[in-house]
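Enquirer: I would like the atomic coordinates for the input below:
(4 chains)
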There are 4 protein chains.
Amino acid sequence: MSKFKGVVPPVVTPLKADLTVDYASYTRVLEHLIEAGCHGLFVLGSTSEVVFHDEKTRQEIIEHSAKVINGRVPLIVGVIDPTTDRVINHAEIAKAAGADAVVVTAPFYTVTSQSEILDHFRYIRDAVDVPLIAYDIPVCVHVKLQRQTTVTLAREGAIIGVKDSSGDDGNFRYLLLDLADRKDIFLMTGSEIVVDNALLMGAHGVVPGIANVDPHGYVRLWNAAQRGDWVAARKEQERLCRLFEIVWVAQGRVSGGASGIGAFKAAMKSLGIIDTALMPRPRAALNDAETGKINDILRATGLLA
Amino acid sequence: MSKFKGVVPPVVTPLKADLTVDYASYTRVLEHLIEAGCHGLFVLGSTSEVVFHDEKTRQEIIEHSAKVINGRVPLIVGVIDPTTDRVINHAEIAKAAGADAVVVTAPFYTVTSQSEILDHFRYIRDAVDVPLIAYDIPVCVHVKLQRQTTVTLAREGAIIGVKDSSGDDGNFRYLLLDLADRKDIFLMTGSEIVVDNALLMGAHGVVPGIANVDPHGYVRLWNAAQRGDWVAARKEQERLCRLFEIVWVAQGRVSGGASGIGAFKAAMKSLGIIDTALMPRPRAALNDAETGKINDILRATGLLA
Amino acid sequence: MSKFKGVVPPVVTPLKADLTVDYASYTRVLEHLIEAGCHGLFVLGSTSEVVFHDEKTRQEIIEHSAKVINGRVPLIVGVIDPTTDRVINHAEIAKAAGADAVVVTAPFYTVTSQSEILDHFRYIRDAVDVPLIAYDIPVCVHVKLQRQTTVTLAREGAIIGVKDSSGDDGNFRYLLLDLADRKDIFLMTGSEIVVDNALLMGAHGVVPGIANVDPHGYVRLWNAAQRGDWVAARKEQERLCRLFEIVWVAQGRVSGGASGIGAFKAAMKSLGIIDTALMPRPRAALNDAETGKINDILRATGLLA
Amino acid sequence: MSKFKGVVPPVVTPLKADLTVDYASYTRVLEHLIEAGCHGLFVLGSTSEVVFHDEKTRQEIIEHSAKVINGRVPLIVGVIDPTTDRVINHAEIAKAAGADAVVVTAPFYTVTSQSEILDHFRYIRDAVDVPLIAYDIPVCVHVKLQRQTTVTLAREGAIIGVKDSSGDDGNFRYLLLDLADRKDIFLMTGSEIVVDNALLMGAHGVVPGIANVDPHGYVRLWNAAQRGDWVAARKEQERLCRLFEIVWVAQGRVSGGASGIGAFKAAMKSLGIIDTALMPRPRAALNDAETGKINDILRATGLLA
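Expert: Numbering: from 1, shown residues only, chains lettered A, B, ... in the order given. Got it, this is the predicted structure:
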C-alpha cells in the first residue's frame, strides 16, 4: 500500500517585505494545514511559486518544512527545473533535506517528446534513490504526460504516483483503471473544483491549492467520500467552488499566475494565517479593492465573520 | 549607433563522452565562426542548449568564450531561466564574465502577461548594469512579446535590441518601422530561412542556428544584402534553405529540440569542427542512418566533398 | 420544468454503398435507442456527421426521424453551419420538420468573439420560434462558450439549455451552480467517460456518442444515479470506459473524426444494428483489422458473444 | 505557363441596409480593382465573407462578377464549405457561372488529417473539371496544409496553385523551391504586409485584402519587384503596412474578423467606393469613432485628402 493518500495541499510560500521567505508565517501555514487533518504536504510546487526560488532558498524551505512537520505527515517536495540533470541536483538536495517523495514535471522550455519524457524520468530515478511522483501540468510545461507514458513509468517502477493538474479528468480515469491492480501507486488530482468526482472515480489523493485557505473543507469532503456520502461530498465541494472564485477577482489586471496564488495569499492574510500577501517578482500582489472582494467571498462561504 | 550588427550565430555547445562541455571542440567552433567573418557571437541561447547547463557550467562557458573571442567580436550571452531574480543572478555572472550584452526571455513555466513581462525586463535592467536584448521565442516560453511591449521597453531604455525567434515576420517588420528613428536599437531575426527577407525589411542582424554549420554562407548573404544585390542574397539563402533541411532528418524519432540541434552537431562533427554529436540528457543524439542523410545534404549543398 | 432530461444519444447516420443515407438502418438505430430507454434523441450533431450533409438531406433526416420517433421521446436537432443566417435557415426547416428543440454552435470558420456569439444566439432566437440549446464544442468551432456568455443567454431566455462537449467539467459545474434556481434550463454533458461525475454534479442530461453502441449501459448508469447508487453508477461507467476505447483503434491511420465515429459504425455493424460502416467523404472507413480489434472490445465488455 | 499571376485581391462584398448584396457598390469595387491594374480577382474568399452567404447568393455573386469582369482578368472563386461533397456542389455552380479557377480549403468543423485533406482535394478534382487552388488558411480551418501535402497535390495535378494565408513564410519558400521546375503552378501569398519579401522569394501572385482599399499601391509594388527595384518595393510596402493598421482600430470591441474586414469596408466607404460599411450577422460594423481613426490613417498614407 502506498504511504501517501488523502488531502495533500500544495503549500503557499509567504514572503516578507524584502521578498525573502517569511518563515514565521510559513510555519503557521504548515501547522494550519496539519491541524486541519491534511494527510500530507506538497511543498515547492507551482502554488509554492517554486520556480521563483533559487537553489539555496529551496533547500532552506525543505529543511524548514521537514523540521516543522517532524514526521507527522509525509513531506512531498517539488523539484521543478527545465532539464534532467538540474532536476537530479534538486532531487538530491530534497532527499538529503528530508523529502519522502519528489515531484517531477516533464522537461520545459525545450521542445520535448513522450519518448524524451520517459527517459527524463528514468534518468532521474536511476540517479537518486527517492520516490518520484510525475507532475502532469501542461499549463506550465506545455506538454501532456500521455496515458501510455504515465502507465509505462508506473509499471517500470520509475514513478510511484502522479499529480494530475492537466484538467483532463477522462485521462485521469483511465490511469486509475489501467493501474487498478497496483495498490502501491498513488494517483492524485489537482482539479480542486471537481474533487468529489475524482474521489468517486477512485482517486487516492487530492492536491487543492485553495486548501491553503480552507483545509477543513477539503478534509470534510475527503471524509464524506470515504464513508460513501456523496451527497455531503458534493455539497462541501459546491461551497468550495464558490470559495474558489477568489482566483478570478484580479483576472485581467494581473497575470493568471498572480491572480490565483495572489488570491490565496490575500485570503490567508485576511484570515490571519500569514503576514503579507506579497508576490515574488515580476508578479504583482492584489490591491485593496480586490482584497475587499475576496473578503466578501470569504464571508459568503463562512470563513470570515 | 548600436555596436551590434550582422551575422551573430547562436553557438552550439559540444559535449564530451561524459556529457560535460568539450572546450577543445568549443574553441574550434568559436574560431570557425569568427574566421568566417561573423560579426558577433551569441552563447547560451536555445541552440547552445542553455537550460541544460547549471549555473557553474554557464559561468565557465561565458569565461571561456570571452577568453577565446578576446574582443574580436561582441559577446552576447543568454541568461535564460524562468523568473526575474534567477535571471538577475545569471546576468550578474554574465556581466562579470565578460558579456557585452545579455539576452532575456519572458518568464516561463509561470502563467504570465504582457504587463508582467514589462516589469520583468524593468526589474532586471534596474538590477544589473548590462545591456539587455529581449528574446522573443514563443516556441519555448509560450508567450509572444507583443509589439507594444517590445516598443515600450525599447523607448524606455530597458532593452537595446530584440532577437526575434517568433516566426512572425509581419510583427518584426512593425518593430523595424516603429523604431526606425532609433539607430541605437538592434533588431535581429532568428528566422534563418528568410534572412534575405529580413535584411530587405531592414533587420540589423541575423541569428541563424545553422550558421554553426555554414557561417560563410550567411556572411556572403549578409554582404550581398549590404551591397543591394538581392538576387545573390536570395540565391545564397535558397542554398542555405536546402542545407537547413538537415533539421528534419530525425523528426519523429527524437524530439523537435533534439532533431534540430542534434542535426547541427552531427553536421559539425562530419565537417570536423567538433568531436562528438552528443546531446545533453534527456535528448537523444542522432543515429548513423540519420547522420548519413545529413552528410548527403552537406554534399548536395557543397559543404562536404 | 424542462421537458428534456436523461440519456439523449447523438444519433449516428448510417450510409448505403452509394454514400446516401441508409434509412432502413437508420430506423433500426432510432428504434434500438428508444427501446433501450433513452429519454431523447439528438440528430444532426457532430456524431451524426451533420456538416457532411446538404440542406435537402438534413431535412429528410429530420422528417424521417420525426416520423419514426412519433412523439415517443423529444427530438433535438442540430442546425450546424458557420454563420447566423445560414443557421436560421436550418432552424426554420428543423422546426417545420418536427424538431422539439435545435442545437446551435458558436459561429465557425470566421474569427469570432464572445460578444458576437451572444448576438448570434439572440438573432437566431428572434428569427425562429423554436427552443435553442447552445452547443459548446471547441474541438470543432475552436472557441469556448465562456461561462458568462452561457449564463447570460440562459437568463435572457435566448437558450433553454446547453450541450457541453468542451471537456471542461469545472466550467460545466459552475453552469450548474449559476443556474441552480432555473428548473427550466437543461444542462447536458457530452463527456461520455465521466457521466457518473456529471450526474453527481447535478447534470440534467447526458449525450454520449458511444450510447449508439450500448444505450442500455447508459440507461442503467442514469438509473443508478437517479437512485443515488453511485457505486453502481461508477461500475457501469467503468465498463463503458473500456468500451469507449474502440474510438482509438484506428487512431493515426485515419483522422480523429473518422477514428471515433468510424468505430461507432463498425461496432454497430458488428452488432447487426446497421448494414455498413461507411463514412462520408473524405473520411475513410475502418478496415478489417481495426474492426477485429473493435469486436474484441465488444466481447470484453459483454456486448458481443 | 500559368494564366494566373500578379495582384489578385480578395474582393470585399458590400451590403445594402437590408444586409443583402449591394450590387451597385460591388460593381464599383470590381471596376476600381481592374482599373488599378490588378491581374485577377478572387471572389467569395474569407475577405468576401463567403461563409455568410447561402448557395443562391453565392451563385449570384459569381454570375455578377463574371458579367462585370467580362474576361478582362481571370475570375477566381472561393468554394468554401466544411466537407467534400458540399464543396463539389459549390464548384459545379462556380464553374457554370464563369469561374476560371476555384479555391478550396481543407475540411473544417470536422477533426481532419493530412491524409484526409489529400483525399478531399482528389475527390473534388475528380468530380469537377475546373482548376483547383488550395487555400491554406489555418486561422479559419485550424489545420495547416503541410508542405508534403501541397507538393503531392501539385505533382499529381490535383491543384494548379496555392493561396497561402498561413503566415508561415518559411514553408511558403519551400513550396516555391520544391515546385521551381513547374511553370504551370501558381503560388500566391496572402501575407499582405510582407509582399515585397514574397516577391523576392519568387511568389507568382499576391492576394492582399487591403488592396480593396489601395489597389494602386500593390500594383506599384508588384511592378517595382518585376523590374528588380527592391528599394522601391520595400518603400511602397512600408506605406501599405501603415495603411494596414486600420485593421486593428476596432480590435477588442468587435471580433477579429469584424475588425479587419469592417475596417476595409469603412475605408472603402470613406473613399466613396461603396455605399455602406455594413457587416453580415453576427458581425458588428465599425462605429463613428473607429471610422474617424481609419480616416486619419487614410490621410496619413495619402489616400484621403
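
Enquirer: Check the contact between residue A:260 and residue A:209; I expect there is one.
Expert: Yes - in this structure, residue A:260 is within contact of residue A:209 by Cβ atoms under 8 Å, at 7.1 Å. Just so you know, the C-beta spots here come from the backbone N, C-alpha and C atoms, and that holds for glycine as well.

Enquirer: Please, where are all the strands along chain A?
Expert: A:6-7, A:41-43, A:75-78, A:101-105, A:132-136, A:161-164, A:186-189, A:205-206 (DSSP state E).

Enquirer: Let me have those strands in JSON lines, extended by distance to chain B, mean pLDDT and mean neighbour count.
Expert: Conversion of these to JSON lines gives the following (distance: least, Cβ to the nearest Cβ, whole Å; pLDDT from 0 to 100; neighbours: other Cβ atoms under 10 Å in any protein chain shown):
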{"stretch": "strand A:6-7", "distance to chain B": "24", "mean pLDDT": "98", "mean neighbour count": "24"}
{"stretch": "strand A:41-43", "distance to chain B": "17", "mean pLDDT": "98", "mean neighbour count": "27"}
{"stretch": "strand A:75-78", "distance to chain B": "11", "mean pLDDT": "98", "mean neighbour count": "28"}
{"stretch": "strand A:101-105", "distance to chain B": "8", "mean pLDDT": "98", "mean neighbour count": "27"}
{"stretch": "strand A:132-136", "distance to chain B": "11", "mean pLDDT": "98", "mean neighbour count": "25"}
{"stretch": "strand A:161-164", "distance to chain B": "15", "mean pLDDT": "98", "mean neighbour count": "27"}
{"stretch": "strand A:186-189", "distance to chain B": "19", "mean pLDDT": "97", "mean neighbour count": "27"}
{"stretch": "strand A:205-206", "distance to chain B": "21", "mean pLDDT": "98", "mean neighbour count": "26"}
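
Enquirer: Ok, which of those strands comes nearest residue B:217?
Expert: Residue B:217 sits nearest to strand A:101-105 of all these, at 38.7 Å, using Cβ to Cβ.

Enquirer: Pull up the pairing partners for the closest one, direction included.
Expert: Using DSSP bridges, the strands paired with strand A:101-105 are strand A:75-78 (parallel), strand A:132-136 (parallel).

Enquirer: what's residue A:169 in contact with, if anything?
Expert: Residues counted as contacts of residue A:169 (Cβ atoms under 8 Å, 6 or more residues apart in numbering or on different chains) are A:189, A:191, A:194, A:197, A:198, A:201, C:169, C:191, C:194, C:197.

Enquirer: Same list (the residues you listed) but as JSON lines, adding distance to residue B:137.
Expert: JSON lines is the format used below for the contacts of residue A:169 (distance: Cβ to Cβ, whole Å):
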{"residue": "A:189", "distance to residue B:137": "32"}
{"residue": "A:191", "distance to residue B:137": "30"}
{"residue": "A:194", "distance to residue B:137": "35"}
{"residue": "A:197", "distance to residue B:137": "38"}
{"residue": "A:198", "distance to residue B:137": "36"}
{"residue": "A:201", "distance to residue B:137": "39"}
{"residue": "C:169", "distance to residue B:137": "33"}
{"residue": "C:191", "distance to residue B:137": "35"}
{"residue": "C:194", "distance to residue B:137": "37"}
{"residue": "C:197", "distance to residue B:137": "39"}
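
Enquirer: Right, I'll leave it there.
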